[in-house]
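S.K.: curious how this folds, go ahead:
(2 chains)
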Amino acid sequence: MSRYKSFVTIEKLTDHIGETVTLNGWVYDKTEKGKLAFIKLRDGSGIVQGVVFRPNVGDEVFGRAQELTQESSVSITGTVRAEQRAPGGVEVDVADIVIHQISRDYPITPKEHGVEFLMEHRHLWLRSTRQHAIMRVRATVIKAIRDFFDGNGFRLMDSPIFTPNACEGTSTLFETDYFDLGKAYLTQSGQLYAEASAMALGRVYTFGPTFRAEKSKTRRHLTEFWMVEPEMAYFDLNDDMDLAEDLVEYIVQTVLETNERELRALERDITKLEKVRRPFHRISYTEAVDWLRANNIKLNRKQADGTEIQIDFPWGEDFGAPQEEAIMTQFEKPCIIHRYPSEVKAFYMKRDPENPKTVLAMDMLAPEGAGEIIGGSQREDNHDALLERLRHENLPEDAFQWYLDLRKFGSVPHSGFGLGVERTVKWITGAEHIREVIPFPRMIYRIVP
RNA sequence: UCCGCAGUAGCUCAGCUGGUUAGAGCAUCUGACUGUUAAUCAGAGGGUCCGGGGUUCAAGUCCCUGCUGCGGAGCCA
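M.R.: Presented below is the predicted three-dimensional model:
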């Protein structure tokens, strides 16, 4: 028995059939039928129906049941009974009711609402069954990630959130004043620091929030999201891809084991998740381009006069969402696309010795239209090659001195990747929009609540 | 930043070619009911038609403009 407060939760009610318990929670819904009142109570762990029968409890307790409104806080004492008709298999025959607070005019009714309205009430929306289920899956995903790395010889090495410069040089970052040192930026990736950490501890991962100031208005983007980034000394691209597959398989299978009830509440097609077993698909960028051309998937290209034309997909162009979606229609499992053209990828990625026009990069795309969940690469470990790439991208050499140092003092082949937590949870839960899978989403036009 | 869509009751929406006092379902409140699961039945209350300007005898409806939100592109996890 723990020293801190503990009481019976709805989640565990099947262990208490026949016993009298007190449940502490909130009224999810109530309906009355003459001398009968049905109170659906939620307590954060689940929902159970309490049955109040006037002749059994007397007028006073029944009057309290009648007084209850949606989301009123209440403690209910009663006997747990197995009940076939109940969704969770049990019901509570109520003997006593203690009202803590009566809620008035709760805005979210058990009816349809638009997304805009629900987002305005995100602080309350989290109480609804669907959001509750998503948040529990999210918690599992995060725990699975940490268990996976902690159990495989990795050490957690947090990266700073304030950074002096853009990590990849290209993205738009959030800017802030930093005392007398000028501007600081909110990190878009902990990777460069993870590389330094990997040279110190071998296998590391960073796990934290990440910020992008791009004005992305899609259901795949947030301005603030969580990313886990493993970085491994002495790993090449193939090792990197093997690790990424193992991680994703572990996450999905752990959710299947842990959150069956939640996935059912979300009406997720579990058979699709059961298929997420190694090996995943792997194709090179060049093979993917060949496939696009063979299947006549065109690229919309804007011309100087503003009109759009459709052209055959040119080798060297980066894939957009339409191309990625088309490629994934052939697969039921995630697919890794590797060896992209160097021009479309970040400066720190290592050139493919077998084809210097490409880099040893890889992206993992999830099926069912979920899109990119992982981006990674083998890193450039040669000092001069990295310096040349820095200069080519016009990045400030001074700011990257410490990063270049890693190639001067015991440089080794190393690799890593970043996995987007929200993208992964969106895929696993089948959520329509990424804003549903983080408790308080930050998007370009929303910072409240 | 670009392209498209939307804003009418607490919520989700309808409102045709501009024409009487702006409608429905749900929610709320009152009453009935011992098995409800989005209960049902009877009744009641509830409106700055996003803001501003214009056209017209007449504007929720047409025009201009602003605001807010949504989706997509680009960028990426």
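
S.K.: hey, let's count contacts and neighbours off CA atoms from now on
M.R.: OK.

S.K.: so who does A:I373 touch?
M.R.: When contacts are counted by CA atoms under 8 Å, 6 or more residues apart in numbering, A:I373 touches A:D363, A:M364, A:L365, A:A366, A:L419, A:G420, A:R423, A:T424.

S.K.: relative to RNA strand B, how far out is the fifth one?
M.R.: Using CA to the nearest atom of the strand, to the nearest Å, one obtains 5 Å as the distance from A:L419 to RNA strand B.

S.K.: model confidence over the helix or strand containing that residue, on average?
M.R.: Assigned by DSSP states H and E, A:L419 falls within strand A:414-420. Per-residue pLDDT over strand A:414-420 has a mean of 96.

S.K.: does stretch A:213-224 come close to RNA strand B?
M.R.: Yes - Stretch A:213-224 is in contact with RNA strand B by CA under 7 Å from any atom of the strand, via A:E214, A:K215, A:S216, A:K217, A:T218, A:R219, A:R220, A:H221, A:L222, A:T223, A:E224.

S.K.: helix or strand right after the strand holding A:L419?
M.R.: helix A:421-429.

S.K.: can you list the helices and strands that that next one packs against?
M.R.: Using 3 or more CA pairs under 8 Å, 6 or more residues apart in numbering; DSSP states H and E, the elements in contact with helix A:421-429 are helix A:129-150, strand A:224-233, strand A:371-378.

S.K.: so where's chain A shaky on pLDDT?
M.R.: When residues are selected by pLDDT under 70, those of chain A lie in A:1, A:166-171, A:302-308.

S.K.: could you point out which element follows the strand ranked longest in it?
M.R.: Using DSSP state E, we find that the single longest strand of chain A is strand A:20-33. Next helix or strand after strand A:20-33 toward the C-terminus (DSSP H and E): strand A:36-42.

S.K.: ok, back up a step: name every strand pairing with the strand holding A:L419 and say which way it goes.
M.R.: Strand A:414-420 has the following strand partners under DSSP bridges: strand A:224-233 (antiparallel), strand A:371-378 (antiparallel).

S.K.: would you list those strands in TSV and tack on distance to A:V52?
M.R.: Formatted as TSV, the strands paired with strand A:414-420 follow (distance: least, CA to CA, whole Å):
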stretch	distance to A:V52
strand A:224-233	45
strand A:371-378	48
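
S.K.: wait, which of these is closest to A:I428?
M.R.: Ranking the strands paired with strand A:414-420 by proximity to A:I428 (CA to CA) places strand A:371-378 first, at 11.2 Å.

S.K.: so stretch A:379-386, near RNA strand B or not?
M.R.: No - shown here: stretch A:379-386 not in contact with RNA strand B (CA under 7 Å from any atom of the strand), separated by at least 13.3 Å.

S.K.: for whichever helix or strand A:I336 is part of, name the packing helices and strands.
M.R.: Secondary structure from DSSP H and E places A:I336 in strand A:335-341. Applying 3+ CA pairs under 8 Å, 6+ apart, we find strand A:335-341 packed against strand A:281-284, helix A:285-294, strand A:355-366.

S.K.: helices or strands up against the last one?
M.R.: Okay, so that is strand A:355-366. helix A:237-258, helix A:321-328, strand A:335-341, strand A:351-352, strand A:371-378.

S.K.: same question for the shortest one.
M.R.: If contacts are counted by 3+ CA pairs under 8 Å, 6+ apart, strand A:281-284 sits against strand A:335-341.

S.K.: what's the answer for the second one, then?
M.R.: Based on contacts counted as 3+ CA pairs under 8 Å, 6+ apart, the elements that helix A:285-294 packs against are helix A:321-328, strand A:335-341.

S.K.: enumerate the positions of that helix that are buried.
M.R.: Neighbour-count burial for helix A:285-294, counted by 16 or more other CA atoms under 10 Å, picks out A:Y285, A:T286, A:A288, A:V289, A:L292, A:R293.

S.K.: distance to A:D239 added to the residues you listed, as CSV?
M.R.: Below are the buried residues of helix A:285-294 laid out as CSV (distance: CA to CA, whole Å):
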residue, distance to A:D239
A:Y285, 18
A:T286, 21
A:A288, 21
A:V289, 24
A:L292, 27
A:R293, 30
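
S.K.: biggest separation within these, which pair?
M.R.: Greatest spatial distance in the buried residues of helix A:285-294: A:Y285 and A:R293, 12.5 Å, computed using CA to CA.

S.K.: ok, of the residues of stretch A:213-224 next to RNA strand B, which come out buried?
M.R.: Buried subset of the residues of stretch A:213-224 next to RNA strand B (neighbour count, 16+ other CA under 10 Å): A:R220, A:H221, A:L222, A:T223, A:E224.

S.K.: ok, the last one touching A:R212?
M.R.: Going back to what we said before, that points to A:E224. Yes - contact criterion CA atoms under 8 Å: A:E224 and A:R212 qualify, at 6.6 Å.
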